[in-house]
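1. A structural model of the following input is requested.
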Amino acid sequence: MYEKTGIQNASKVRSEIGLNIHVFGKLAAAVIMLTFRFLN
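-> Numbering: from 1, shown residues only. Coordinates of the predicted model:
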C-alpha cells in the first residue's frame with residue numbers, strides 16, 4: 001500500500017539526507033575547530 005504512493009520511500013530519503021547533513025556538519029565543525037587551534 002505504502003510502496004505505491006511512495007510515502008515510505010520519501011521519508012527514508014529525507015532521513016538519509018538528514019543523517020548526511022548531521023554527519024558532515026559534525027565533520028566540518030571539527031575541521032574548523034582544529035584549523036583555528038593550529039592557527040593560534
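2. sketch out the low-pLDDT regions of the protein for me.
-> Filtered on pLDDT under 70, the chain yields the residue ranges 1-7, 40.
3. which residues in it form helices?
-> Along the chain, the segments classed as helices by DSSP state H run 2-5, 7-39.
4. in JSON lines, list these along with mean neighbour count.
-> Every residue, glycine included, has its C-beta placed from N, CA and C. Formatted as JSON lines, the helices of the chain follow (neighbours: other C-beta atoms under 10 Å):
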{"stretch": "helix 2-5", "mean neighbour count": "8"}
{"stretch": "helix 7-39", "mean neighbour count": "10"}
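5. next one: Leu39 from Ile32, what distance?
-> 11 Å (C-beta to C-beta, to the nearest Å).
6. try Ile17
-> 22 Å.
7. do Asn20 as well
-> Separation of Asn20 from Ile32 (C-beta to C-beta): 18 Å.
8. equivalent analysis for Gln8, please.
-> Following C-beta to C-beta, the distance that separates Gln8 from Ile32 is 36 Å.
9. again, but for Asn9
-> For Asn9, the distance to Ile32 (C-beta to C-beta) stands at 34 Å.
10. and for Phe38?
-> 11 Å.
11. and if you look at Glu16?
-> 24 Å.
12. repeat for Ile21
-> To Ile32, Ile21 is 16 Å away according to C-beta to C-beta.
13. so what's Ile32 up against?
-> For Ile32, no contacting residues are found, by C-beta atoms under 8 Å, 6 or more residues apart in numbering.
14. quick check: it vs His22, distance?
-> Counting by C-beta to C-beta - Ile32 and His22 are separated by 16 Å.
15. ok, Ser11 next?
-> Going from Ser11 to His22 by C-beta to C-beta gives 16 Å.
16. could you do Val31 as well?
-> 15 Å.
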